[in-house]
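S.K.: 3D, please:
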Amino acid sequence: MSTGDVLGAGTVVTVVFELEVPLLLLQARSFARHVPVGAVAEVLVIDNTARGLPARGAAELLAAYGPHADRVTLLRPDDLGGVPAAPGWQRQQALKLLVAPRVTTGRYLALDAKNHLVRAPDPAWFGVPDGRARLGVHGYAGHPLRPALERTVRYLGLDPGAVLDRFPATVTPFVLVTSLVRAMVEDVGDRAGRPFAQEFVDHRLTEFFLYAAWLEARAGGRDRWYADGQPGCPVVWPGDPSLRAVRAAGEELDGTGAPVLSVHRTALVRMPADATDALTDLWVAHGLFAARGDAARFVAGFRRTYRRRVWVRRCREAPQRVRARLADRATAAGAVPA
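M.R.: You can find the predicted model right below:
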């Protein structure tokens, strides 16, 4: 089996921040369980935590990758040139593109920490016989991401109306062509006359929308590089972390042969007991845990860590929020805040 046949790319890139470190450990475990040795040339983990993973945490993560541990490299945002102050989600999007110069293979697979493998992927999931990667596409006319799509395609001079009916999904897993990402980052920065990251943040761009739109505007169209039709992988979202949603995800995994399940961190925190039991059973059935008790302890530990970190963050941010509210009230009253 040649490198990249299974995952459609020789390199895997994952970005993680504090609240999702336990989910990244689950992803690493899923790699050890389901990805054949030699199927990945390198795994680049972008550590987007505030202070960096401690030595013990980094060692635990590497151990979780099992036979792939010697192919894992931990990077910090500064290793990629850094990203200006921005919401966490926007920083993570930019980092998935800024990493391209560090990738040594022709393609890389972008993941989020919420993604974990549930089976060894069929090579046909990520690519077609003519060598192109596969993309999932759908319509955006009534989609909540429509404003982001319209903003991004307008940035590149495209007509939003021409793409709303059929455009690539902006979810992971997503295969990127390394040379094209590098060219796009350079092109956007050159045209703007400033670093790509600053332009990305200031214009509130979206990483996969920008990449797909750039293929249309500057690289001869995405059909040259990609084949549409990937069915996508199931996600349990925070808006519906119910038993019904978990069962539907399991049925989709079985029905489509999808290799990846995604569970959003907030969904895992909000999930009721019956849905949690169904999810842990699903994990056990796909070899990620030996027994439901092991999976249940993972969930309990994740929830404790999540709530503690959220509580600490809110306490740190509280003075800033209070000052902002006072400033808003003073402005509304016509006063000049001190």
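S.K.: is it true that Ala296 touches Thr276?
M.R.: Yes: with contact defined as C-beta atoms under 8 Å, Ala296 and Thr276 form a contacting pair (7.3 Å). Glycine gets a C-beta too; all of them are placed from N, C-alpha and C.
S.K.: of those two, who's got more company?
M.R.: Neighbour tally, Ala296 and Thr276, criterion other C-beta atoms under 10 Å: the higher count belongs to Thr276, 20 against 17.
S.K.: quick one: buried residues of stretch 25-42?
M.R.: 25-35, 39-42 (16 or more other C-beta atoms under 10 Å).
S.K.: inside strands: which ones of those?
M.R.: In strands, judged by DSSP state E, the following of the buried residues of stretch 25-42 are found: Glu42.
S.K.: from the buried residues of stretch 25-42, which has minimum pLDDT?
M.R.: Least confident entry in the buried residues of stretch 25-42, by pLDDT: Ala39, with 90.
S.K.: can you give me the helices in the stretch 101-250 of the chain?
M.R.: For the stretch 101-250 of the chain, helices defined by DSSP state H, counting those that start in this stretch occupy the ranges 123-126, 146-155, 178-192, 196-202, 207-218, 243-256.
S.K.: ok, Ser179 to Leu288 distance?
M.R.: Ser179 is 34 Å from Leu288, where distance means C-beta to C-beta, to the nearest Å.
S.K.: repeat for Ala148
M.R.: Ala148 is 32 Å from Leu288, by C-beta to C-beta.
S.K.: just Val45 next, same as before
M.R.: From Val45 to Leu288 the distance is 19 Å (C-beta to C-beta).
S.K.: what's the answer for Pro168, then?
M.R.: 28 Å.
S.K.: repeat that for Leu24.
M.R.: Going from Leu24 to Leu288 by C-beta to C-beta gives 13 Å.
S.K.: how distant is stretch 65-78 from the center of its chain?
M.R.: Put simply, stretch 65-78 sits 17 Å off its chain's centre (C-alpha atoms, centre = their mean, to the nearest Å).
S.K.: equivalent analysis for stretch 24-36, please.
M.R.: On C-alpha atoms, centre = their mean, the centre of stretch 24-36 falls 16 Å from the chain's centre.
S.K.: same check, this time on stretch 256-265
M.R.: 12 Å.
S.K.: send me it as PDB with only the CA atoms.
M.R.: C-alpha atoms of stretch 256-265 as PDB (Å, rounded to 0.1, in the frame of the first residue of the first chain):
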ATOM      1  CA  THR A 256     -22.300   4.700   3.700                       C
ATOM      2  CA  GLY A 257     -19.100   3.100   5.000                       C
ATOM      3  CA  ALA A 258     -17.900   6.500   6.100                       C
ATOM      4  CA  PRO A 259     -14.500   6.200   7.800                       C
ATOM      5  CA  VAL A 260     -14.900   9.200  10.200                       C
ATOM      6  CA  LEU A 261     -17.300  10.100  12.900                       C
ATOM      7  CA  SER A 262     -17.300  13.700  14.300                       C
ATOM      8  CA  VAL A 263     -18.600  14.600  17.700                       C
ATOM      9  CA  HIS A 264     -18.600  18.300  18.600                       C
ATOM     10  CA  ARG A 265     -17.200  19.100  22.000                       C
END
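S.K.: which residues touch it?
M.R.: For stretch 256-265, contacts defined as C-beta atoms under 8 Å, 6 or more residues apart in numbering pick out 19-20, 23, 34, 112-122, 125, 171-173, 231-238, 241, 249, 252-253, 279, 282, 286, 302, 306.
S.K.: re the thing from before, who has more neighbours out of Ala148 and Leu288?
M.R.: When neighbours are counted by other C-beta under 10 Å, Ala148 and Leu288 differ, and Leu288 comes out ahead with 23 against 17.
S.K.: many thanks, have a good one.
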